[in-house]
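> This is the structure alone, sequence omitted:
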């Protein structure tokens, strides 16, 4: 998966039935374990800023074990170490996260010859954490939830050797015992080294690709939004086979949208996911 926005979209989709499980546990055994596991086909741009797309499979999972929540969404894993529900439906969220950034790691998978000529960037391993707060019983029922989180991750593999801040606002609501939907908006703020690694063009890169020399500065890289959903094929979100899916949009900004890397592609990025999961 080449985008954390898509990871958010997959998380949005596959975590929906996990929320239903969580509600059931909170109404019964607050320490009850549960899990959702699945796989999906995703449609993503060849690289950040491409207007060519490809289909690839990704895994997904969400749940709680021993009072600790977890979520695997393609290239991202996060753990919630704050399981306690506060008064009036409020809940603190905090824990570690890790992501693998595959952006431009395989020139052979990039159809745009100018970008392929820039060569591979390397696989960045981004490690960090997040904090947030959520509240249930907000608008539609006692089971809907709104949450606000802020995450930070830093490359520890020496590829871009910099950090990414991501605020995210999400809302989910059940439509019935069989269906849930969720929406989210998020943005990425990156440091200068990230901008240089993925969006600048060095003199050597200009000679190899034919693109002009360009120096990108860090800042707000993009904003994005998505819609996800889950439907219980077995008739109940808290157990059995589920259909999950969603669609997302991301818009590159500023120096990133103006980069020649995006100039041969598009600043408008569309993402999609559809698959099956099993809740138990």
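Nice, thanks for sending it over. Just so it is clear, the structure is predicted and the values come from calculations on it, not from any experiment.
> list the buried ones in stretch 224-233?
224-232 (16 or more other Cβ atoms under 10 Å). C-beta: built from backbone N, CA, C; applies to glycine.
> nearest residue to residue 152 other than its sequence neighbours?
residue 128 (4.5 Å; Cβ to Cβ, 6 or more residues apart in numbering).
> quick one on the thing from earlier: how about the buried residues of stretch 224-233 in TSV, adding distance to residue 264 and secondary structure?
Converted to TSV, the buried residues of stretch 224-233 look like this (distance: Cβ to Cβ, whole Å; DSSP: H, G, I helix; E, B strand; the rest coil):
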residue	distance to residue 264	secondary structure
224	21	strand
225	25	strand
226	26	strand
227	29	strand
228	31	strand
229	34	strand
230	37	strand
231	39	strand
232	43	strand
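> At which residues are the helices of the chain located?
Secondary structure of the chain (DSSP state H): helices at 4-27, 113-116, 192-199, 203-209, 254-258, 260-263.
> for the closest residue in space to residue 72 that isn't next to it in sequence, what are its contacts?
Of all residues not flanking residue 72 in the chain, residue 61 sits nearest, at 4.3 Å (Cβ to Cβ, 6+ apart). Contact analysis of residue 61 by Cβ atoms under 8 Å, 6 or more residues apart in numbering lists 14, 35-38, 70-72.
> What's the separation between the closest residue in space to residue 182 that isn't next to it in sequence and residue 140?
Distance criterion Cβ to Cβ, 6+ apart; nearest residue to residue 182, sequence neighbours excluded, is residue 172 at 3.6 Å. Distance, residue 172 to residue 140, using Cβ to Cβ, to the nearest Å: 10 Å.
> Kindly report the same for residue 200.
46 Å.
> Next: residue 155.
From residue 155 to residue 140 the distance is 40 Å (Cβ to Cβ).
> okay, these two: which has more neighbours?
Set residue 155 next to residue 140 and count neighbours by other Cβ atoms under 10 Å: residue 155 wins out with 24 against 12.
> Quickly list what that one is bridged to.
residue 126 (DSSP bridges).
> Contact partners for it?
101, 124-126, 161-163, 194.
> can you check residue 38 too?
14, 59-61, 242, 244, 275-278.
> Now that residue 100 has come up, it's in contact with residue 153, right?
No: here residue 100 lies out of contact with residue 153, judged by Cβ atoms under 8 Å, at a distance of 10.6 Å.
> Common neighbours of those two, please.
Each of residue 126 lies in contact with both residue 100 and residue 153 under the rule Cβ under 8 Å, 6+ apart.
> out of the two, which sits in the more crowded spot?
Comparing residue 100 with residue 153 by other Cβ under 10 Å, the one with more neighbours is residue 153, at 23 against 16.
> Next one: that one from residue 114, what distance?
Counting by Cβ to Cβ - residue 153 and residue 114 are separated by 29 Å.
> Quick check: pLDDT value at the residue lying closest to residue 48 once chain neighbours are set aside.
In space, and not counting its chain neighbours, residue 48 is closest to residue 103: 5.2 Å by Cβ to Cβ, 6+ apart. Here the pLDDT value assigned to residue 103 is 95.
> Report how many residues lie close to residue 103.
Around residue 103 there are 22 residues (other Cβ under 10 Å).
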